[in-house]
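> Sequence first, predicted model second:
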Amino acid sequence: MQGVTEKPDMSSFSGFVRGARDVVPILFGVFPVGIAFGVSAREFGFSALEASLMSLVVFAGASQFIGVALIASGAGLLEVAITTFFVNLRHAVMSASISVYLRDAGRALLSVLAFWLTDETFGLSISSYHRGERSPWYLLGASLPFYLNWNAGTLAGYLAGDFLPEELRSAMAFSLSAVFISLLVLSCRDRIAVAVVTFSALLSMVLYLGGVDFGNVVLVCLAGASLGLVLERWKEK
């Protein structure tokens, strides 16, 4: 794999700026979720430093909520590690999908992008790459503000936890779902994408109603991706 120079040129800088610009609307939806995590960590007895370190070092969204709940319940390290591993297994699918657009990225940049990749930055970036974006620095531009925003939300939620009414805390939980829905709508750019989304949604509901919670997300991702590949090849023929 060919690397890029560590010092970004102007094209790299412009790609970074485009990513930072495009992620701004998403930040408004994710910040309340960061606040919700800060509130949750405080209620489970974590200190401000522990809650902040969780967002700084782990930076895993849903896994952080699960992690603090498991730790507070007395779960062992192995149980926490295995549970969060399977919750985050979807990142392997996302990484494989977006890696084809990052072939010109150096090892240092890839390492940072691997750590900062989230559902939201993936959805935003993969849509932009499909529309013709070429710079791997675009993903970095989207990821850095997202990372800072999440950590700021965590600290704000922890400090303001006692002052937020219960109704507001409950409303914050929907903001992440709203972000996912908006990214999903932006990704539905043709009939194949709509078919894959519809199939994946129905399969997810069937698995959920059937009591299949373990590995549900990964199974749906693999099945949806397989259907998309079959439909794309059928369309080419």
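Structure's in. What do you need?

> in this structure, which spans are helices?
10-43, 48-53, 62-72, 77-87, 90-98, 107-116, 119-130, 137-160, 166-187, 191-209, 216-236 (DSSP state H).

> Can you work out which other helices and strands pack against the last one?
In terms of contacts (3 or more Cβ pairs under 8 Å, 6 or more residues apart in numbering; DSSP states H and E), helix 216-236 is packed against helix 90-98, helix 191-209. C-beta here means a position set from N, CA and C on the backbone, and glycine is covered the same way.

> Output those in JSON lines, with mean pLDDT, mean neighbour count and distance to residue 142 appended to each entry.
What follows is the helices and strands packed on helix 216-236, written out as JSON lines (pLDDT from 0 to 100; neighbours: other Cβ atoms under 10 Å; distance: least, Cβ to Cβ, whole Å):
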{"stretch": "helix 90-98", "mean pLDDT": "86", "mean neighbour count": "15", "distance to residue 142": "11"}
{"stretch": "helix 191-209", "mean pLDDT": "86", "mean neighbour count": "14", "distance to residue 142": "21"}
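
> Quick one: closest of the ones you listed to residue 131.
helix 191-209 (12.7 Å; Cβ to Cβ).

> Got the domain ranges for this structure?
10-175, 188-237 (automatic domain parsing).

> quick revisit: I'd like the helices and strands packed on helix 216-236 as CSV, with distance to residue 236 appended.
Below are those laid out as CSV (distance: least, Cβ to Cβ, whole Å):
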stretch, distance to residue 236
helix 90-98, 19
helix 191-209, 11
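
> Tell me which of those helices sits nearest to residue 160.
That would be helix 90-98 among these, by Cβ to Cβ, at 30.1 Å.

> Report the inter-axis angle for the closest one versus helix 62-72.
160 degrees (axes from the mean of the first three to the mean of the last three Cα atoms, to 10 degrees).

> what sits against the nearest residue to residue 44 once chain neighbours are set aside?
Leaving out its chain neighbours, the residue that sits closest to residue 44 by Cβ to Cβ, 6 or more residues apart in numbering is residue 72, at 3.9 Å. Residue 72 makes contacts with 44-46, as judged by Cβ atoms under 8 Å, 6 or more residues apart in numbering.

> One more pass at 10 Å, please.
40-41, 43-46 (Cβ atoms under 10 Å, 6 or more residues apart in numbering).

> rank the helices of the chain by pLDDT, which is bottom?
Per-stretch mean pLDDT for those is lowest at helix 166-187 (a mean of 62).

> Report pLDDT for residue 135.
Reported pLDDT for residue 135: 91.

> State the distance from it to residue 72.
Residue 135 sits 42 Å away from residue 72, going by Cβ to Cβ, to the nearest Å.

> again, but for residue 216
24 Å.

> Determine which stretch of the domains of the chain is the most buried.
Ranked by mean neighbour count under mean count of other Cβ atoms under 10 Å, the domains of the chain are led by domain 10-175, which reaches a mean of 17.

> Residue 53 contacts residue 68, doesn't it?
No - checked against Cβ atoms under 10 Å, the pair residue 53 and residue 68 is beyond contact range at 11.5 Å.

> Quick check: neighbours shared by those two?
Common neighbours of residue 53 and residue 68 (Cβ under 10 Å, 6+ apart) are residue 46.

> Pull the contacting residues for residue 81.
So residue 81 contacts 67, 70, 75 (Cβ under 10 Å, 6+ apart).

> quick one, what contacts the first one?
Listed by Cβ under 10 Å, 6+ apart, the contact set of residue 67 reads 41, 44, 54, 58, 60, 75, 80-81, 83-84, 87.
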